[in-house]
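Engineer: Have a look at this prediction, sequence included:
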Amino acid sequence: MKLDATDRLLLRLLQQDARRSQKELAHIAGISREAMRRRIARLRREGVIRRFTVEVSLPEGQSRGTDLAQVLFLLRLNGVRCSHIAAFVGDWPELLACWTVSGEHDIAVLVEAAGLGELNRLREKLERHPSVTGITTLHLSRTWCRRF
């Protein structure tokens, strides 16, 4: 099954808060409640959504064992348009966001994966792309504020 941008958005929203109402999900995604309901039903039927769960906050020093790591890749390109890289990463299920940026880098790619092995695999895919001339990796370690 291929996930489109709306599917990925709904999955991220549900991962953040699985108790969000259908009305709220539809509003954020910019689709009707019925279209949202059909998408969620399809994602469940296809096994993309296996269950709805609760996230707990454990005392410092204790781990849930299922934490996902987030990395921001900052890429320098050899003159190719950023849209080519955005298309290259657009189908990655690990992709959270992709931005054109100013400064010494051309594009920023935010991904989330289970562990360093997966993150290294994604970095290697980016490094092998013929348009990428340089890559800086920023491991995101603690979230102080989040508005989405």
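Structural biologist: Yep, it's here.
Engineer: secondary structure element for the residue nearest to the spatial centre of the chain?
Structural biologist: Closest residue to the average C-alpha location of the chain: L96 at 2.2 Å, with CA atoms, centre = their mean. Assigned by DSSP states H and E, L96 falls within strand 95-100.
Engineer: L75 now?
Structural biologist: Using DSSP H and E, L75 falls in strand 69-77.
Engineer: Need the residues that contact that strand.
Structural biologist: Defining contact as CB atoms under 8 Å, 6 or more residues apart in numbering, one finds that strand 69-77 is touched by 85, 96, 101, 104-116, 119, 122-123, 126, 131-140. To be clear about C-beta, it is placed using only N, CA and C from the backbone, and glycine gets the same treatment.
Engineer: ChimeraX command to pick out the buried ones of the residues you listed?
Structural biologist: Entered in ChimeraX, the line below selects the buried ones among these, by 16 or more other CB atoms under 10 Å:
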select :85,96,105,106,107,108,109,110,111,112,113,119,122,123,126,131,132,135
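Engineer: before we move on, back to that, contacting residues around the strand holding L96?
Structural biologist: Counting by CB under 8 Å, 6+ apart, 8, 12, 70, 82, 85-86, 89-90, 106-112 sit against strand 95-100.
Engineer: For H27, which three-state class applies?
Structural biologist: helix (DSSP: H, G, I helix; E, B strand; the rest coil).
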